[in-house]
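# Sequence plus the predicted model coming up.
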Amino acid sequence: MPFEWLKSLIMAGLLSITQPSLAAELLVHSETALTSIGRDQLRAIFALQKAHWSDGSPIIVLRFASNTALHKSFCTQQLGVSPQQLEAVWERRVFTGQGRRPTIVQDEQEMLMEIARTPGAIGYISERIEHENVKFLTIDR
Amino acid sequence: MKMSNFLRLIANKLRSHPETRAQSAQHMAPRCCKIWGVWLPLLLTYHESISAIELPWGSHLNGFVQQGFMWSDNNDFNGDSDDQINTQLTDLGLTLSHKVGSRFSFSGQVVSHQTGDIDNGEPFLDYAYASWHSFPADHQLVDIHAGRIIMQYGFYNEIRDIALSRPSIFAPYSVYYGRLRRSMTAHDGVGFRYQHFVGFDTIKIEGGAAIPQADEKVMQGVFPEEIFVGEASGQEAYFSRLSYESPLRSRYAASLMYLSWDYSGDFIAFPGVVAPVDGRLTSQSYGLSTQQHVQSVTFTAEAFQHNIHYHHLLPTEIKITIDAAYLQSQFPCFAVQCLAQVEYFKANNLEFLNVKETSDMGLGFNWSFHPQLALRLEGHRVKGQGWIASQTKIKHQVWHYIVSQIAWTF
């Protein structure tokens, strides 16, 4: 069929928008003096505008690759933007020499481990799991 | 010859600026080889999800590679794109950043652009500056930097043509005026940034003073070698930008930039008719920018005025005023981000520029099919030739072009 490739592309597109969206739970290192966080503060942190916690310690942002379902869910549900919009903000900072992209972790287990061993770290996973040196934050609407 | 015809002749030469001048197809074969020479190592060294290369002593290296493909039904644009696909759009860049403690940092970028025979891909230092920052209070940041500094202007001048940093493949040529683009990006000087945090929003005041570069590439756009033979020297460059940003929601900016070069040499009116000239070129641009994120939709609009003044460089004093504006929206559709764009350009001195009002309507999409790879495709309908070259093949005032780009960043 001459337009088989087009059909496949459309199907892939439809699948990508109909895939179930994951919950994205926000977690930080347990030493972080927060139990909840506002949406604007969260945006400022992931846009790399806010680089320090209130005690002056540096914020370490961790994330998943931009084409993962969890990252897409986190961007749309918690930040209210698309992954591409967030990516554009990071690119601007990286290529003007004013910042670095957040570090990518490969899976949720690695995210938990990295948050647990990095004071000041913040990230997200799909569900709340008890883990040493990690605590979950609620997001104020 | 009437003065108006004479000016039109000069204008045609002046408008053959480096960003958009036509090229011949004779370079196509080597280009293709170069393209694969660029991409093959990348494919061989492909590694998933690199966000930067960590170097010794805490330095970070980032980079990008972009390859464009272009076709137009009339009027060559960025190469011989009339009736064939032009592959003469290749960009490569490396960005190094290094922090020394919490107050000092160094950043630099080397870039190569291949744009037909306009830009041969020779690498050049885009910017390189040392920066010192201080936090006088919890909600304040002061940054002073020196070296080859970035001229902050609008939203996209601070970044060279890096695919993922903006919705469209090209920076809108009306506002980021093609002929002056290279002379507006970075110069040697001193700059400052003051940031005031209001809640989680930021007010930013930036400014700087520099000596404009006057190398061949920079000057080609404003002193074409066909009619100017001599030497230019950079005199003054100033910029200032006031901006307000709510992270991932909205940003607003007001920008001003002033550049001047002195020029001494010969003006070639016609073959064999040469007149010595000694004068100055000044360029002043100012305008407003806004960007809004509404859910997953981004709206961007910028409106600028450019004032270009040739003092004692042509038989008559020439002042050109250009009004330029564009509106872009980027929105999700299926698995891609779609783009819709309207751009407008008008010069007051129609006789000199020999252009009418120009508008450009574009539609496209951006498909990020891999964390570090993106594919873009845009189609444009252009009425007029405001920001493209005057060239022998220009026959049509209404024309179309399609451009695609694949980009890899780390």
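Sure, I can see it.
# Can you pull the residues of the stretch 101-250 of chain B lying near chain A?
Within the stretch 101-250 of chain B, the residues that sit near chain A (C-beta under 8 Å from any C-beta of the partner chain) are B:105, B:107-109, B:127, B:129, B:150, B:158-160, B:162, B:164-167, B:197, B:199-202, B:245-249. The way it works is simple: take the backbone N, C-alpha and C, and place the C-beta from them, glycine included.
# Select only the buried ones of these in ChimeraX?
To isolate the buried members of those in ChimeraX, using 16 or more other C-beta atoms under 10 Å in any protein chain shown:
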select /B:105,107,108,109,127,129,150,158,159,160,162,164,165,166,167,197,200,201,202,245,246,247,248,249
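# Mark which of the residues of the stretch 101-250 of chain B next to chain A are part of strands, please.
B:S105, B:S107, B:G108, B:Q109, B:Y127, B:Y129, B:I150, B:F197, B:D201, B:T202, B:E245, B:S246 (DSSP state E).
# which one among the residues you listed gets closest to B:G272?
Taking C-beta to C-beta as the measure, B:G272 lies nearest B:Y127 of these, at 42.3 Å.
# Identify the residues contacting the residue in chain A that chain B sits nearest to.
Across chain A, the shortest distance to chain B (C-beta to the nearest C-beta) belongs to A:G97, at 2.4 Å. Going by C-beta atoms under 8 Å, 6 or more residues apart in numbering or on different chains, A:G97 touches B:T95, B:S97, B:S105, B:S107, B:G108, B:Q109, B:Y127, B:Y129.
# Same check on A:R100?
A:R93, A:V94, B:S51, B:A52, B:H60, B:N62, B:S97.
# Assign a three-state SS to it, would you?
Here A:R100 is recorded as coil under DSSP: H, G, I helix; E, B strand; the rest coil.
# Quick check: it vs B:F170, distance?
The gap separating A:R100 from B:F170 is 27 Å, by C-beta to C-beta, to the nearest Å.
# Quick one: the ones in strands among the residues of the stretch 101-250 of chain B next to chain A as TSV, columns for pLDDT and distance to B:G230 too.
Shown next, in TSV, are those (pLDDT from 0 to 100; distance: C-beta to C-beta, whole Å):
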residue	pLDDT	distance to B:G230
B:S105	93	40
B:S107	94	35
B:G108	94	31
B:Q109	93	31
B:Y127	94	28
B:Y129	96	31
B:I150	92	29
B:F197	91	49
B:D201	94	49
B:T202	94	45
B:E245	95	44
B:S246	94	49
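# now residue 92, nearest residue through space, not along the chain?
Going with chain A. Residue nearest to A:R92 in three dimensions, not counting chain neighbours: B:S165, with 5.2 Å by C-beta to C-beta, 6 or more residues apart in numbering or on different chains.
# not what I meant, chain B
Nearest non-adjacent residue to B:L92, counting by C-beta to C-beta, 6+ apart: B:S112, 4.6 Å away.
# list the contacts for A:S36?
A:L137, A:T138, A:I139, A:D140.
# can you pull the contacts of the closest residue to B:T202 other than its chain neighbours?
Leaving aside its chain neighbours, B:T202 sits nearest to B:E245 (4.9 Å; criterion: C-beta to C-beta, 6+ apart). By C-beta under 8 Å, 6+ apart, the contact set of B:E245 is A:Q49, B:D201, B:T202, B:K204, B:R251, B:Y252.
# Run through the neighbouring helices and strands of the helix or strand hosting the fourth one.
When elements are defined using DSSP states H and E, B:K204 is found to belong to strand B:201-211. Strand B:201-211 makes packing contacts with strand B:186-198, strand B:228-246 when contacts are defined by 3 or more C-beta pairs under 8 Å, 6 or more residues apart in numbering or on different chains; DSSP states H and E.
# Backbone dihedrals for A:E31, both of them.
When read as degrees, to the nearest 10, the backbone of A:E31 gives phi -80, psi -10.
# Contacts only, for the residue in the stretch 1-150 of chain B that chain A sits nearest to.
Minimum separation of the stretch 1-150 of chain B from chain A (C-beta to the nearest C-beta) falls at B:S107, amounting to 2.4 Å. B:S107 sits next to A:T96, A:G97, A:Q98, B:T95, B:L96, B:S97, B:H98, B:Y127, B:A128, B:Y129, B:S131 when contact means C-beta under 8 Å, 6+ apart.
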